[in-house]
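# build me a model:
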Amino acid sequence: MIGLQGLPELSEGDDLAALLAGAVGRAGGLEPGDIVVVAQKAVSKVEGRIVHLSEIEPSDRARELAGPDGDPRHVEVILRESRTVIRSRPPLVISETHHGFVCASAGVDGSNAKGPDTLVLLPLDPDASATRLRERLRELTGVAPGVIVSDSFGRAWRQGTTDVALGVAGLEALRDLRGARDFTGYELRSTQIAVADEIAGAAELVMGKTSGIPAAIVRGVDAAGEGSGADLVMPRERDLFRG
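Numbers count the residues shown, from 1 in each chain. This is a model prediction of the structure:
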């Protein structure tokens, strides 16, 4: 994993791929098979997915879910980014986003945003964002890397967060081993490996939350393919937590 340093504070309309290409060049360039992992916030900022709380009028539902300790304006933004609320314990909200992700606060976050009353939202279409970055990096560097747009998610059955893949381009996202046999000859019946999530989690080790490094190259992983972040969303009929 190679952290890509030297990227500036990003704003709407910035050419993120060009900035990444510059950072890649300073890191020695891309090699065939490389994967570039980019933090969701970097993508969201250049795509204008920013909300200012001063412009938000909270609904009664937002006031209810915010409770006495939360900001109902913040909760209102969460509700607007949500398809449905899964669980809540004011002011915490776990919801399903319009993309199908189940996560805290619909991915709405104020960290690494410009100003205390500014929130960053998830990209509208993370897979499309990853594809655009891949094609632009191909133009600029001559190499088409795999691209992952990543974000930190909690897990219902484990403490702590880990980065996962929201958007994917140019690599497999989910490796299906059903029907394969292990070294003893046992046939695997349900094993699917979240390859893109594993790569995103590895890249986060050199990106971090406070280091100002919003992207990394992951090298040496054989993961070429045509997957998408949507491949990693649990189908509703298989979701044992929601029945």
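# paired strands for the longest strand seen in the chain, with orientation please.
The longest strand of the chain (DSSP state E) is strand 158-169. According to DSSP bridges, strand 158-169 forms sheet pairs with strand 146-155 (antiparallel).
# what's across from the nearest residue to Ser152 once chain neighbours are set aside in the sheet?
Spatial nearest neighbour of Ser152, excluding adjacent residues (CB to CB, 6 or more residues apart in numbering): Thr161 at 4.3 Å. Placement of C-beta: from N, CA and C, glycine included. For Thr161, the beta-bridge partners under DSSP bridges are Gly154.
# ok, residues contacting the helix or strand of the chain with the lowest mean pLDDT?
Ranked by mean pLDDT, DSSP states H and E, the weakest helix or strand in the chain is strand 175-176, scoring a mean of 82. For strand 175-176, contacts defined as CB atoms under 8 Å, 6 or more residues apart in numbering pick out Gln192, Ile193, Val195.
# show the average pLDDT along the following helix or strand past that strand.
Along the chain past strand 175-176, the next helix or strand (assigned with DSSP states H and E) turns out to be strand 192-193. In this model, strand 192-193 has an average pLDDT of 90.
# so what touches strand 192-193?
With CB under 8 Å, 6+ apart, strand 192-193 has contacts from Leu174, Arg175, Asp176, Leu177, Arg178.
# what's the answer for stretch 230-239, then?
99-102, 127, 164-165, 168, 173-174, 194, 196-197, 242.
# and with 6 Å instead?
Gly100, Ala173, Leu174, Ala194 (CB atoms under 6 Å, 6 or more residues apart in numbering).
# which positions in that stretch come out as buried?
The neighbour-count check on stretch 230-239 (16 or more other CB atoms under 10 Å) flags Ala230, Asp231, Leu232, Val233 as buried.
# swap in stretch 9-29?
Buried residues in stretch 9-29, defined by neighbour count with 16+ other CB under 10 Å: Leu10, Asp14, Leu16, Ala17, Leu19, Leu20, Ala21, Ala23, Val24.
# show the contacting residues for the residue nearest to Pro126 when sequence neighbours are not counted.
Residue nearest to Pro126 in three dimensions, not counting chain neighbours: Gly167, with 2.9 Å by CB to CB, 6+ apart. Shown in contact with Gly167 (CB under 6 Å, 6+ apart): Pro126, Asp127, Ser129, Ala130, Val149, Gly229.
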